[in-house]
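Trainee: build me a structure from this.
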Amino acid sequence: VAGLGNYGLRGTRHSVGMAVLDRLAQQLAVAEGWRAERQCCADVALATAHSLELLLLKPRRFMNLNGLSVASAAEIYSLRPEDIYLVHDDLDKALGKVAIKLGGSARGHNGVRSCISALHSNEMTRLRVGIGRP
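Mentor: Below is the predicted model:
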């Protein structure tokens, strides 16, 4: 599960993917388990939920380069694109509204575009979190 955002701009609506992962880590009791993974330039935490092993990932790059971290982690942990969930902001959704999307285009989102490019696939599931228009 990759929370897309701008690592240096945490706390902004554009980095809501990372905030969702912070909350998920709290819910799964692994919030103290974040560690810097140099090989994929990201913060990672391992968790278990409903008998599934999860790798939580927050890229330490700007949004338009998040895909490099996601692709590196996929290689390190032997993940296929269809195993990956991207959590990202969506300007076209009202604040707080969420939607799940399987595959498809980036719809103008630079972080998703970066992931599609780096993974050479658009098969990732996306959790789109509404941030509304400014």
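
Trainee: residue contacts, the residue lying closest to Thr12 once chain neighbours are set aside?
Mentor: Closest residue in space to Thr12, ignoring its immediate chain neighbours: Asn6 at 7.3 Å, by Cβ to Cβ, 6 or more residues apart in numbering. (Glycine included, C-beta is placed from N, CA and C.) Applying Cβ atoms under 8 Å, 6 or more residues apart in numbering, we find Asn6 in contact with Thr12, His14, Ser15, Phe62, Met63.

Trainee: again, 6 Å this time
Mentor: Ser15, Phe62, Met63 (Cβ atoms under 6 Å, 6 or more residues apart in numbering).

Trainee: measure the residue of the chain most remote from its centre to Leu79 for me?
Mentor: Most distant from the centre of the chain: Pro134, at 22.2 Å, with distances by Cα atoms, centre = their mean. Taking Cβ to Cβ, to the nearest Å as the measure, Pro134 falls 34 Å from Leu79.

Trainee: count the neighbours of Gly86 for me.
Mentor: That one is not Gly; residue 86 is Leu. For Leu86, the count of nearby residues is 24 (other Cβ atoms under 10 Å).

Trainee: that one touches Ala2, doesn't it?
Mentor: Yes: under the criterion of Cβ atoms under 6 Å, Leu86 makes contact with Ala2 at 5.4 Å.
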